[in-house]
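Undergrad: Generate coordinates for the sequence data below:
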Amino acid sequence: MIIEYGITLTLAVGLLIAYFAVVQKREFWLSLLYVSVAVVNLGYLLLSVARSLEFAILANDVVYLGSVYLSLCMLFTVVKLCGFAVKRTHVILCVSLSTLMFLITATVGFLPWYYETVSLEIVRGAARLVKTYGPLHPVYLVYLLGCFAAMITVIVCSVRKRVVASQKFAGLIAGLVCGNLLVWLFEKFINWEFEFLSVTYIISELLLLFVYWMMQDYVHVRDLPKYTPAEERRLGVDIATMPMSIKIGKVLRCVKDGETLASREREILERILENKKRRQIAEELFLSENTVKTYTRTLYAKLGVTCREELYALLLRD
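TA: Got it, this is the predicted structure:
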């Protein structure tokens, strides 16, 4: 058991290091999620090697420290992936609730609130806590269910409002959330010797990173003004008569740091700004429509947009 927890901790730390080493455009809550998973797995390992009740309780506190804030980080990561803004008031409220939840779990060994009684036993060389739950233990269940319910609500709202880039990604996130919840519930009602959440957390890291990597070009466009003829009139902008040099200048200011447009991308950009269709662009440049589509995709990625409407919205900026 100790070896298994050592392996999961090594994987968690390795993923944490790889994340900070490889990912340049990091998301704060996803980064904190990686740290929380490493903390949880550290707590599991410390608990398994404990040989005194005091040390085991301390290790248990480390597990809950990571678990409580891990749920919060996963919630805000899902919010960002689904394209919603994280408001400061929401952050303060949620962090306060999470901190209160951790303080309740940290009463073990001092007050009979979370665990009424607790003792230490050794199973196949690994230590584990034997406990009877106190009156405040259901509060943690309510906390977790609240976090998971909030995640599902965000995912459903994003699909209904068509905020999320792909319903497949939304389904993957929902499956990930439900999977973690089911594993946690099974571990509560089935007396497993090994904490399988240590493994599911690592799988969650990988899947969330995959989804974030696939969607990062879609979740950072909330600051764009919405392009409509009415918005043009309100801002006093006439895109149809705007000189091409000004259009290009406005768009090029939005190219991501370290990126440059290839000459073919520049040609396609000019024609898109002339409101030409893909077939027209392909005929003028003697390219296939699929080739134009490929260049358009890379062009949009460099500009941080996903469609023509968002590209035209760049022209409405000052």
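
Undergrad: By mean pLDDT, flag the weakest helix or strand of the chain.
TA: helix 229-235 (a mean of 53; mean pLDDT, DSSP states H and E).

Undergrad: could you say what helices and strands the helix or strand following it packs with?
TA: With elements assigned by DSSP states H and E, the helix or strand that comes after helix 229-235 is helix 244-252. For helix 244-252, the elements it packs on are helix 263-273, helix 308-314, judged by 3 or more C-beta pairs under 8 Å, 6 or more residues apart in numbering; DSSP states H and E. For glycine as for every other residue, the C-beta is placed from the backbone atoms N, C-alpha and C.

Undergrad: How far away from the center of its chain is the shortest one?
TA: Taking C-alpha atoms, centre = their mean, to the nearest Å, one finds helix 308-314 lying 26 Å from the centre of the chain it belongs to.

Undergrad: Quick check: mean pLDDT of it?
TA: The average pLDDT for helix 308-314 rounds to 81.

Undergrad: Please apply the same query to the first one.
TA: The average of the pLDDT scores along helix 263-273 is 91.

Undergrad: ok, now stretch 91-107?
TA: For stretch 91-107, the per-residue pLDDT averages 95.

Undergrad: CA atoms only for it - export them in PDB, please.
TA: Written as PDB, here are the backbone C-alpha positions of stretch 91-107 (Å, rounded to 0.1, in the frame of the first residue of the first chain):
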ATOM      1  CA  VAL A  91     -14.200  33.700  -5.300                       C
ATOM      2  CA  ILE A  92     -14.300  35.400  -1.900                       C
ATOM      3  CA  LEU A  93     -17.500  33.500  -1.000                       C
ATOM      4  CA  CYS A  94     -16.300  30.100  -2.200                       C
ATOM      5  CA  VAL A  95     -12.800  30.400  -0.700                       C
ATOM      6  CA  SER A  96     -14.400  31.400   2.700                       C
ATOM      7  CA  LEU A  97     -16.700  28.400   2.600                       C
ATOM      8  CA  SER A  98     -13.900  26.100   1.700                       C
ATOM      9  CA  THR A  99     -11.700  27.400   4.500                       C
ATOM     10  CA  LEU A 100     -14.500  26.900   7.000                       C
ATOM     11  CA  MET A 101     -15.000  23.400   5.700                       C
ATOM     12  CA  PHE A 102     -11.300  22.700   6.200                       C
ATOM     13  CA  LEU A 103     -11.300  24.100   9.700                       C
ATOM     14  CA  ILE A 104     -14.200  21.700  10.500                       C
ATOM     15  CA  THR A 105     -12.300  18.700   9.300                       C
ATOM     16  CA  ALA A 106      -9.200  19.900  11.200                       C
ATOM     17  CA  THR A 107     -11.000  19.500  14.500                       C
END
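
Undergrad: Sort out which residues of it are buried, please.
TA: By neighbour count on 16 or more other C-beta atoms under 10 Å, the buried set for stretch 91-107 is 94, 98, 101-102, 104-106.

Undergrad: would you list the residues you listed in JSON lines and tack on distance to Q280 and secondary structure?
TA: Formatted as JSON lines, the buried residues of stretch 91-107 follow (distance: C-beta to C-beta, whole Å; DSSP: H, G, I helix; E, B strand; the rest coil):
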{"residue": "C94", "distance to Q280": "50", "secondary structure": "helix"}
{"residue": "S98", "distance to Q280": "54", "secondary structure": "helix"}
{"residue": "M101", "distance to Q280": "59", "secondary structure": "helix"}
{"residue": "F102", "distance to Q280": "60", "secondary structure": "helix"}
{"residue": "I104", "distance to Q280": "64", "secondary structure": "helix"}
{"residue": "T105", "distance to Q280": "63", "secondary structure": "helix"}
{"residue": "A106", "distance to Q280": "66", "secondary structure": "coil"}
